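[1] Give me coordinates for this.
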Amino acid sequence: MIPKVYKEVIDLGDGREISIETGKLAKQAHGSVVVQSGKCMLLCTVVSNYKQSDVDFLPLTVDYREKFAAAGRYPGGFFKREARPSDGEVLTMRLVDRVLRPLFPKDYHSETQVMIQLMSHDEDVMPDAMAGLAASAAIQLSDFPFECAISEARVGRVDGKFVINPTRAQLEVSDIDMMIGASADSVMMVEGEMDEISEEEMTEAIKFAHEAIKLQCAAQERLAEAFGKKEVREYEPERNDEDLAKKIHDMAYDKVYAVAKQGSSKKERGLAFSEIKEEILNTFPEEELEDLGALISKYYSKAEKAAVRDLTLNEGLRLDGRKTTDIRPIWCEVDYLPSTHGSSIFTRGETQALATVTLGTSREANQIDMPSYEGEETFYLHYNFPPFCTGEARPIRGTSRREVGHGNLAQRALKGMIPDDCPYTVRVVSEVLESNGSSSMATVCSGTMALMDAGVQMKKPVSGIAMGLISDADSGKYAVLSDILGDEDHLGDMDFKVTGTADGITACQMDIKVKGLSYEILVNALQQARDGRLHILEKLTDTIASPNADVKSHAPKMVTKTIPGEYIGALIGPGGKVIQELQKTTGTTIVINEDPVTEEGIVEILGTGQEGIDAVLAKIESITFKPVVGSVYEVKVIKMLDFGAVVEYNEAPGNEVLLHVSELAWERTENVSDVVNMGDVFDVKYFGVDSRTRKEKVSRKALLPRPPRPEGDKSRGDKPRGDRKPRPDRKKDN
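    Numbering: from 1, shown residues only. This next block holds a predicted model:
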């Protein structure tokens, strides 16, 4: 039986469109769609258990995978099958999760899984831009309790014009690459990188993307209506007791407000809040605590959140005593680690990041091998968040999704400031040693200083700041918080991170938790963030004003040289013998790449000692040396033969040529040693390749005065062979 298929089409303009289809594939899932643009096809399925899990949060898993068969390729590795997700796939999972999660009811705790798979790839379509649309469309066809349709769209700007879901080629020339997640009414998530744009330009890009997202949300609603929207499932809600909630609020609010107003450290106020909670718990008999303990804890947290928010809205004060625009004390240091190629410490309040820089050749580039993209990164950043940085002890099970996401944000913030002609592959590693508020922005700051300490000639230094928002829809009050604490991140309505130079924004990440945030508030928040960024930037440049003129003495120096493609084999040698011996004797690392366009060889020479680098350059000059006909070169005798002398060009040691006995002098030479000896240095003239012997010819006598002929001698005399003109062909008599 042929299944009935339901389909909606979204016009993207410029002859491009996105279709959403359901009814054909994966019908046992609670919702499934195929989203297609061009030849790119995503299959998204959603399933949620009907039984509530015994946890106090939503166990939501968003999984995005790209199948290599989608691009007609084999996976790498021994087993030739897809394995753990790549960083690119993890970043797409995070983009989708951050928009979906807030739209489920807070008391919905059923195990929920969203699976998105790239089934067919199109080089002109970037699939991550459609993943959010696919996830939301599948949920709209299910019976999940979900607030409203959402979607995500990428926005770029090419030649001054905004473009929705640009191709990878367009993105290469775009000065904006932002992903926006939103419902028809509210923007909920923004993440991307920019080429030093203004706050107003960023806001215009968000507005442009939001208009496109509204069309995508409407298409989902039409598809659900045609398919037959299911009734929302019933589930067992969380237990609530309004009387108990009011009682706990009355017991806790004023005490929490008073502690919050004191402006204490994280540890001090944590202890004080714990004491307040303990006092409240002690007012209940043990038998009641067994039944109501979880509810009391939940209502206490709500009272604590309300008190802290009200303190900021009413008095403009924050948990650590700062005003809304204040930045915590900052201290910085560079060149802290003696053996690294570059290092720095950035400490802001109770957040600290130690960054290191390592310089290498193109061989150390980060290889990206995904079905949707193959390439390499010559600048990349890794971020580590160990448990001790928050005073915790927990098992370490590999790199977390959070670490991948925070590292990617910092990398995007800095990569545009790495000069195009930087000869090195550059790796930055950020070790977060303390955390209480935006370690990712501390990573940007420490990364900037470490790069300058390493002698990487950054175009401009970059700083970053994490901002927050507390708002009250009823009163219309709102407060934008500069340099937020970890607690303020949790209790606020918006968490956004902005990085940039003195001239504009380079990257951002926003998670907006409040509906209908006005663009006026957004612009004000971005302007306040700019003031904070410039303040932090001044602290960085006070520590290190500009990049060091050169790399450190123990760091490798890099020299790049281009050679004709015909000499690549000679430099490598049979079985790599020449290049391996050269690396061994000079203490350098040599990497040779072939330019696919010019077919020239690009030789990278990496070494800590200039002598070794110079020796490699001399060898390359020797191998690629090509004398010019008619030119004069200084040579040295390195071997004596009966019929001449083998001489070496002083300009290119190792390049030898035979100086024939007949080219030593004008007079007849019986013994070579009568004219030259081992080690003699003199000039010769180069005549090219002799047409008869097919060998290169040089002459010493061509540069000597020609002796006069004896009177009456009519012989033609000896001439350098290279000066002789070819005789015309003679016809033989039959």
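[2] Hmm, Val163 and Ala212 touching each other?
    No - counting by C-beta atoms under 8 Å, Ala212 sits too far from Val163 to count as a contact (10.1 Å). All C-beta atoms are positioned from the backbone trio N, CA, C, and that covers glycine.
[3] Are there residues contacting both of these two? Which ones?
    Contact criterion C-beta atoms under 8 Å, 6 or more residues apart in numbering; residues shared by Ala212 and Val163: Val155.
[4] Give me the below-cutoff pLDDT ranges for the protein.
    Applying pLDDT under 70 to the chain flags the ranges 710-734.
[5] residue boundaries of the helices in it?
    Applying DSSP state H to the chain gives helices spanning 87-100, 128-140, 168-172, 199-227, 242-261, 266-282, 286-315, 401-415, 439-453, 486-491, 519-543, 568-572, 577-586, 610-624.
[6] for the third one, the distance to its chain's centre please.
    Here helix 168-172 shows a centroid-to-chain-centroid distance of 16 Å under the convention C-alpha atoms, centre = their mean, to the nearest Å.
[7] who touches stretch 262-269?
    259-260, 272, 317-322, 350, 436, 485-487.
[8] And that stretch, end to end?
    End-to-end distance of stretch 262-269 (C-alpha to C-alpha, to the nearest Å): 9 Å.
[9] Now find how far off-centre it is within its chain.
    Between the centre of stretch 262-269 and the centre of its chain there are 37 Å (C-alpha atoms, centre = their mean).
[10] looking at the sheet around Val34, what are its partners?
    Glu21, Leu43 (DSSP bridges).
[11] wait, doesn't it sit right on Leu43?
    Yes - assessed by C-beta under 8 Å, Val34 is found in contact with Leu43 at 5.5 Å.
[12] Now for these two: what residues contact both?
    Common neighbours of Val34 and Leu43 (C-beta under 8 Å, 6+ apart) are Leu25, Met119.
[13] would CSV of the contacts of stretch 262-269 with neighbour count and distance to Glu581 be doable?
    As requested, these are exported to CSV (neighbours: other C-beta atoms under 10 Å; distance: C-beta to C-beta, whole Å):
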residue, neighbour count, distance to Glu581
Val259, 22, 72
Ala260, 26, 70
Ala272, 17, 70
Leu317, 19, 70
Arg318, 26, 65
Leu319, 23, 65
Asp320, 22, 62
Gly321, 13, 66
Arg322, 18, 63
Glu350, 18, 54
Asn436, 24, 55
Leu485, 25, 59
Gly486, 17, 56
Asp487, 22, 62
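[14] Go through stretch 287-296 and flag the buried ones.
    Buried residues in stretch 287-296, counted by 16 or more other C-beta atoms under 10 Å: Leu292, Leu295, Ile296.
[15] Ok, stretch 696-704 next?
    Residues of stretch 696-704 classed as buried: Glu696, Lys697, Val698, Ser699, Arg700, Lys701, Ala702 (neighbour count, 16+ other C-beta under 10 Å).
[16] so what's the third one up against?
    Meaning Val698. Going by C-beta under 8 Å, 6+ apart, Val698 touches Tyr633, Val635, Val647, Val657, Leu659, Glu663, Val684, Lys685, Tyr686, Phe687.
[17] Pick the one among those closest to Leu91.
    Tyr633 (58.4 Å; C-beta to C-beta).
[18] Now do that closest one against Lys4, distance only.
    To Lys4, Tyr633 is 85 Å away according to C-beta to C-beta, to the nearest Å.
[19] So these two - more neighbours on which side?
    Tyr633 (19 against 9; other C-beta atoms under 10 Å).
[20] you'd agree the more buried one is up against Pro627?
    Yes - with contact defined as C-beta under 8 Å, Tyr633 reaches Pro627; the gap is 6.2 Å.
[21] Touching both of the two, which residues are there?
    Residues touching both Tyr633 and Pro627 (C-beta under 8 Å, 6+ apart): Tyr649, Tyr686.
[22] Leu25 is nearest to which of the helices of the chain?
    For the helices of the chain, the distance to Leu25 is smallest for helix 128-140, at 11.0 Å, taking C-beta to C-beta.
[23] Distance from that closest one to the middle of the chain?
    Offset of helix 128-140 from its chain centre (C-alpha atoms, centre = their mean): 25 Å.
[24] list the contacts for Arg122?
    You called it Arg, but residue 122 is Asp. Counting by C-beta under 8 Å, 6+ apart, Asp122 makes contact with Ser37, Gly38, Lys39, Cys40.
[25] closest to Gly76 among these?
    Nearest to Gly76 among the contacts of Asp122: Cys40, at 22.1 Å, using C-beta to C-beta.
[26] State the distance from Pro653 to Ser475.
    84 Å.
[27] who's more crowded, those two?
    The residue with more neighbours, out of Pro653 and Ser475, is Pro653; 15 against 9, by other C-beta under 10 Å.
[28] Give me the nearest residue to that one, chain neighbours excluded.
    Spatial nearest neighbour of Pro653, chain neighbours left out: Ser622 (5.4 Å); criterion: C-beta to C-beta, 6 or more residues apart in numbering.
[29] Surely Phe379 is in contact with Asp420?
    No - look at Phe379 against Asp420 with C-beta under 8 Å: they stay out of range, at 10.9 Å.
[30] more neighbours, the two?
    Phe379 (20 against 5).
[31] For that one, give its distance to Glu364.
    According to C-beta to C-beta, Phe379 and Glu364 sit 11 Å apart.
[32] Cool, thanks, talk later.
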